[in-house]
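**Student:** Okay, here's the prediction I keep looking at, along with the sequence it came from:
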Amino acid sequence: MSDSISRRTFVSNTLKAGAVAGLADLAFVNHLPAVSADQAKVERDKVLFNSDIEPLVRVIEDTPRSKLFDAVAEQMRQGVGYQQLLTGLFLAGVRGIQPRPVGFKFHAVLVVNSAHLASQAMPDRERWLPLFWALDNFKNSQEQNAEQGNWVMPSVEESKLPPAAQARQRFIEAMDNWDEEGADKAVAALVRNAGAGEIIELFWRYGARDFRDIGHKAIYVANSWRTMQAIGWRHAEPVMRSLAYALLEHEGKNPAQRDAEPDLPWRENLKRASQIRAGWQQGSARSEAVADLLKGLRASSYADACDQIVNVLNKGTSPANVWDSLFLRAGELLMQQPGIVGIHCVTSVNALHYGYQASGNDETRRMLMLQAAAFLALFDKRMAGKDEQRKVETLEPIAVHSKGADAVEEVLADISKDRMTAARKVMTLVENDPAHTEALMTSARRLIFSKGRDSHDYKFSSAALEDYFHTTGPWRARYLATSMFNLHGSGDRNNNLIDRTRAVLSKV
């Protein structure tokens, strides 16, 4: 018999010996927790943030929803401040929530600026509360994102970025041609080599160029830019990549190769914008022009509405009066049919107006005003069955029975019982004692935190209460009255967030 052993026997004996020998050498690992095969997998490719904020983002991403408030409170005890938490929350959403469709679960990102605006308007000690609401809302969207494919923003393909000198033109070409891959590479290069103002000027236009996602594209441009003002432009690259990807969302064939209804207003308004007189921004303020414009906006197609605005601007009407009519028409549509479409009438016009204020390009400013009129006409088309008897200029004020702070409480209570009564009392409240307005707004924001259950509560309140100040004096009370058709009242059912947040923050 041969003394040699078979290969199978050799391997078997070797493995056994190795196992026995290894047990003595590696016994120190026995007390460590086991690592599953899934846990041992290399983490998939995703964009990474600056080292000073990445750990906080990971806490927000990786902590279970039920434990997140406690985890964030611990971060606060370790020195994390308001701005850092705002930044971490926003970037967690940008990296981990797919921005398509631009809405639905992506409201976790869209709402961050609105929560921040609510925080700014609240008393000092209450400014954390909207962020805690937004943290909980993010976890809900994160769960939905996981169920729908678990999208995550990948890292940039560095070797494929265009040269700095070509980045701007490549970005424009890609966006014009609805080229996702080309836009992603170009915008990364653009952010690294161009100024913030130059970049956002492009986005004001692309955010307003189509009506897909019922205005959310324009809303995302405005809200992302505004959030960047708070957290710093150094975080811009992933935000602008997310934004470009969101704006290229569409159905069917490439929109550049067809005339779809959501794209037509922009294409036609490019011609209208060139017909507006030079010096159009210096016009005369005339309250009666607002009423006339409102009548035209109600009965118009988007083309007729936009033609009317060109006409009144060319006759010397102040752009502020044009925006008055747009704000009021948005509020009126909400009043006629409270609900999701009416809410977006208000939030879309708010976003377009913000871009109008922020842009330094004359044509872009004209286009944003014209697109606001077009969007309202397209919203109107979707609102079958609305109560067209409700008109903002025919609202009649009624008496408020209480005095002082009790008068505000009376209105807030009426919101929960009869919104029309609340709206008419607001007119009296504001017109008789404008000092009540600030108290009413502060109370309304507090109620959103304690009673709100949806991102739209924050988005709407921030837009509507902000645009109260953008409406010219004679029309402000009427505009604020329309917001009563979506704000929360004091009699609405509480959510459970305030108790959870109180319990956590009491330990900080």
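**Tutor:** Arrived safely, thanks for sending.
**Student:** Can you pull up the most central residue in the chain?
**Tutor:** residue 110 (2.2 Å; C-alpha atoms, centre = their mean).
**Student:** That one reaches residue 218, doesn't it?
**Tutor:** No - with contact defined as C-beta atoms under 8 Å, residue 110 and residue 218 do not form a contacting pair (11.0 Å). In short, each C-beta sits where N, CA and C put it, glycine included.
**Student:** wouldn't residue 465 be in contact with residue 444 here?
**Tutor:** Yes - with contacts counted by C-beta under 8 Å, residue 465 reaches residue 444, the gap being 7.1 Å.
**Student:** hey, which helix is longest across this protein?
**Tutor:** Under DSSP state H, the helix in the chain containing the largest number of residues is helix 362-382.
**Student:** What is the neighbour count of residue 54?
**Tutor:** Neighbour count for residue 54, taken as other C-beta atoms under 10 Å: 14.
**Student:** please renumber so the chain begins at 38
**Tutor:** Noted, 38 is the first residue going forward, which turns the last one into residue 91.
**Student:** how close does it sit to residue 150?
**Tutor:** Here the criterion is C-beta to C-beta, to the nearest Å. By it, residue 91 lies 22 Å from residue 150.
**Student:** Any chance of the backbone angles for the residue lying closest to residue 438 once chain neighbours are set aside?
**Tutor:** Leaving aside its sequence neighbours, residue 438 sits nearest to residue 447 (C-beta to C-beta, 6 or more residues apart in numbering; 6.4 Å). Torsion angles at residue 447 (phi, psi; degrees, to the nearest 10) stand at phi -60, psi -40.
**Student:** Spit out the contact partners of residue 447.
**Tutor:** For residue 447, the contacting residues are 437-439, 462, by C-beta atoms under 8 Å, 6 or more residues apart in numbering.
**Student:** most neighbours, which of those?
**Tutor:** Using other C-beta under 10 Å as the neighbour criterion, residue 462 leads the contacts of residue 447 with 24 neighbours.
**Student:** and after the helix or strand hosting that residue, which helix or strand comes next?
**Tutor:** Applying DSSP states H and E as the criterion places residue 462 in helix 456-469. Downstream of helix 456-469, the first helix or strand assigned by DSSP H and E is helix 472-488.
**Student:** Which SSE is immediately downstream of that following helix?
**Tutor:** helix 492-507.
**Student:** Now do that following helix: which elements does it pack against?
**Tutor:** Here helix 492-507 touches helix 144-147, helix 149-158, helix 166-184, helix 356-373, helix 377-395, helix 472-488, helix 510-520, going by 3 or more C-beta pairs under 8 Å, 6 or more residues apart in numbering; DSSP states H and E.
**Student:** Let me have those in TSV, adding distance to residue 83 as columns.
**Tutor:** Output for those, formatted as TSV (distance: least, C-beta to C-beta, whole Å):
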stretch	distance to residue 83
helix 144-147	16
helix 149-158	20
helix 166-184	13
helix 356-373	38
helix 377-395	29
helix 472-488	32
helix 510-520	40
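**Student:** Let me know how buried residue 363 is, in neighbour terms.
**Tutor:** Residue 363: 27 neighbours (other C-beta under 10 Å).
**Student:** Same question for the one 4 residues further on.
**Tutor:** For residue 367, the count of nearby residues is 31 (other C-beta under 10 Å).
**Student:** before we move on, what about residue 234?
**Tutor:** Residue 234 has 10 nearby residues by other C-beta under 10 Å.
**Student:** Just send the contacts of residue 447 back as TSV, with pLDDT, secondary structure and distance to residue 251 too.
**Tutor:** Shown next, in TSV, are those (pLDDT from 0 to 100; DSSP: H, G, I helix; E, B strand; the rest coil; distance: C-beta to C-beta, whole Å):
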residue	pLDDT	secondary structure	distance to residue 251
437	96	coil	35
438	95	coil	39
439	94	coil	39
462	97	helix	31
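**Student:** Output those as TSV; include the columns distance to residue 301.
**Tutor:** Formatted as TSV, the contacts of residue 447 follow (distance: C-beta to C-beta, whole Å):
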residue	distance to residue 301
437	46
438	51
439	51
462	42
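**Student:** Farthest pair within the residues you listed?
**Tutor:** Farthest-apart pair in the contacts of residue 447 is 439 and 462; separation 9.8 Å (C-beta to C-beta).
**Student:** For residue 235, find the nearest of the helices and strands packed on helix 492-507.
**Tutor:** helix 377-395 (13.0 Å).
**Student:** what's the closest one packed up against?
**Tutor:** helix 233-245, helix 253-268, helix 356-373, helix 399-419, helix 492-507.
**Student:** I'd like the ones you listed written out as TSV, with mean pLDDT and distance to residue 161 added.
**Tutor:** Rendered in TSV, the data for the helices and strands packed on helix 377-395 read as follows (pLDDT from 0 to 100; distance: least, C-beta to C-beta, whole Å):
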stretch	mean pLDDT	distance to residue 161
helix 233-245	98	29
helix 253-268	98	17
helix 356-373	98	30
helix 399-419	98	35
helix 492-507	96	19
